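Engineer: Pasting the sequence and the predicted model now:
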Amino acid sequence: MKKSCLSFWLILLSVMTLAAQEISFEKSVHDFGNVREGGKVTAPFVLKNTGDAPLIIRRVSVTCGCTTPSYPKTPIAPGDTAVIDVAYSTDGRPGNFNKNVTVYSNALSQPAYTLTIRGSVEGRQNTPGSVYPKEIGPLRLRSNQLFLGEVILGSLRTETISVFNQNEDLPIRISFHSVPKHIRVSASNTLLPAGETAIITVNYVASDIKDYGRREDFFYVTVEGSQKFSGKIRVNAFLKEDFSKKKNSTKKPLASYSGTVVNLGRIKKGQVAEAELVLSNKGNETLHIRKIDCPASQLMVKPDKNSVSAGKSTRLKISLDSSKLRADVKYYIDVITNDPVNTIHRITVNATIVE
């Protein structure tokens, strides 16, 4: 009897081991060598699902806005390969660089995989137009966008933008307006002499925000000289909870979804198609849905409840209004929860609109 029980558990363990998704890369480091400043350079990282279950790339995080990843949004079948492209912007960044990119997936043995790009950018001729490519009247700026990457809620992130007064003989006055309450903006010199440079400092106070996931804010820079000009500065961030003390805890919520892809099939134009997924809490603490990020106005996602007790579940009701759509459509929904392991779950919605 004891021998048969042992055999049963060995067989079960073997099956569980086989039905696992794993990730491997042909290389984890890409060295660009020497590249000229101007535009972007891209490194392809080829990955393979070496397991026996679908592999899902949940997200790819970067440490700064100079690095942009592109990754597959649909499950990768066992044995299949896919590519994660990592682009690095060389504009205004002469010198050596070494950047890490973290790939988060449902791989069992290595759910967080680090890729590295490195190289050296040869600077081009430093003219005002090349160093400060953006303009607000006579004020030239290094950039009119800030990409903060991941920002932990409760933290403070500081970034700067270099600016230059391209007037030959007139000073300009710099001021800011329509600044969000969680952003503080200042200039090292608000009355900037002709031909001089200054620094705009942006403090992003994440402790003043009640939001999660992707967020875009903006404020305006007003430039006054012989005329008055105004321009917009965009600030992009991805807000995350601080799970540093929770990830290794035995007490935490665990989000489990009934699927990652919703195929609505063929929909007659003007109709509303509906579907649903089930979100279960397999942990031992209450699971909270922090945010459902769905950028398409035609797509609605509504949970039965936003808090799910341990061992319970909720339905995510998905509806697509096809009135203003045509042909094939594909949308992505990010469900953000307080699960420290699977914080973001991406759902792909596909449909074909028929006239």
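Structural biologist: It's in. Numbering: from 1, shown residues only.

Engineer: so where's the stretch 151-300 of the chain uncertain?
Structural biologist: Judged by pLDDT under 70, the stretch 151-300 of the chain has its weakly predicted residues at 247.

Engineer: all helices for the chain, in order.
Structural biologist: 2-18, 128-131 (DSSP state H).

Engineer: Quick one: mean pLDDT for the shortest one?
Structural biologist: Right, the one you point to is helix 128-131. The pLDDT scores in helix 128-131 average 74.

Engineer: Dig out what the residue nearest to residue 189 when sequence neighbours are not counted forms beta bridges with.
Structural biologist: In space, and not counting its chain neighbours, residue 189 is closest to residue 198: 4.3 Å by Cβ to Cβ, 6 or more residues apart in numbering. Just so you know, the C-beta spots here come from the backbone N, C-alpha and C atoms, and that holds for glycine as well. In this entry, residue 198 is beta-bridged to residue 163, by DSSP bridges.

Engineer: Count the residues that sit near residue 198.
Structural biologist: Residues lying near residue 198 (other Cβ atoms under 10 Å) number 20.

Engineer: and if you look at residue 98?
Structural biologist: Neighbour count of residue 98, defined by other Cβ under 10 Å: 11.

Engineer: what does the one 3 residues further on give?
Structural biologist: In terms of burial, residue 101 registers 24 neighbours under the definition other Cβ under 10 Å.

Engineer: same thing with residue 94?
Structural biologist: Residue 94 has 16 nearby residues by other Cβ under 10 Å.

Engineer: For it, give me phi and psi.
Structural biologist: phi -70, psi 150 (degrees, to the nearest 10).

Engineer: contacting residues for it?
Structural biologist: Contacts of residue 94 were listed using Cβ atoms under 8 Å, 6 or more residues apart in numbering, and they are 37, 121, 122, 123, 124.

Engineer: Residue 209 - nearest residue in space that isn't next to it in sequence?
Structural biologist: Using Cβ to Cβ, 6+ apart and skipping the chain neighbours, the partner closest in space to residue 209 is residue 182 (4.9 Å).

Engineer: Looks like that neighbour contacts residue 206 (just checking).
Structural biologist: Yes - with contacts counted by Cβ atoms under 8 Å, residue 182 reaches residue 206, the gap being 7.1 Å.

Engineer: Tell me which residues touch residue 284, please.
Structural biologist: Residues counted as contacts of residue 284 (Cβ under 8 Å, 6+ apart) are 250, 251, 252, 253, 310.

Engineer: which among these gets closest to residue 288?
Structural biologist: Nearest to residue 288 out of the contacts of residue 284 is residue 253 (Cβ to Cβ; 7.5 Å).

Engineer: mind checking how far the closest one is from residue 48?
Structural biologist: 31 Å (Cβ to Cβ, to the nearest Å).

Engineer: out of these two, which sits in the busier spot?
Structural biologist: residue 253 (23 against 17).

Engineer: was I right about residue 92 contacting residue 134?
Structural biologist: No - with contact defined as Cβ under 8 Å, residue 92 does not reach residue 134; the gap is 10.6 Å.

Engineer: what touches both of those two?
Structural biologist: With Cβ under 8 Å, 6+ apart as the test, residue 92 and residue 134 both reach 142, 143.

Engineer: quick one, which of those two is more surrounded?
Structural biologist: More neighbours surround residue 92 than the other of residue 92 and residue 134, with 19 against 15 (other Cβ under 10 Å).

Engineer: residues touching the residue lying closest to that one once chain neighbours are set aside, list them.
Structural biologist: Closest residue to residue 92 apart from its sequence neighbours, by Cβ to Cβ, 6+ apart: residue 142 at 5.5 Å. Residue 142 is in contact with 92, 131, 132, 133, 134, 161, 162, 163, counting by Cβ under 8 Å, 6+ apart.

Engineer: ok, and the most crowded of those?
Structural biologist: Neighbour max across the contacts of residue 142 (other Cβ under 10 Å) = residue 163, 27 neighbours.

Engineer: do you know how far that residue is from residue 56?
Structural biologist: 43 Å.

Engineer: can you list the domains in the protein?
Structural biologist: Following automatic domain parsing, the chain resolves into domains at 25-122, 128-240, 255-354.

Engineer: mind checking which of these is nearest residue 246?
Structural biologist: Closest among the domains of the chain, using Cβ to Cβ: domain 255-354, at 4.3 Å.
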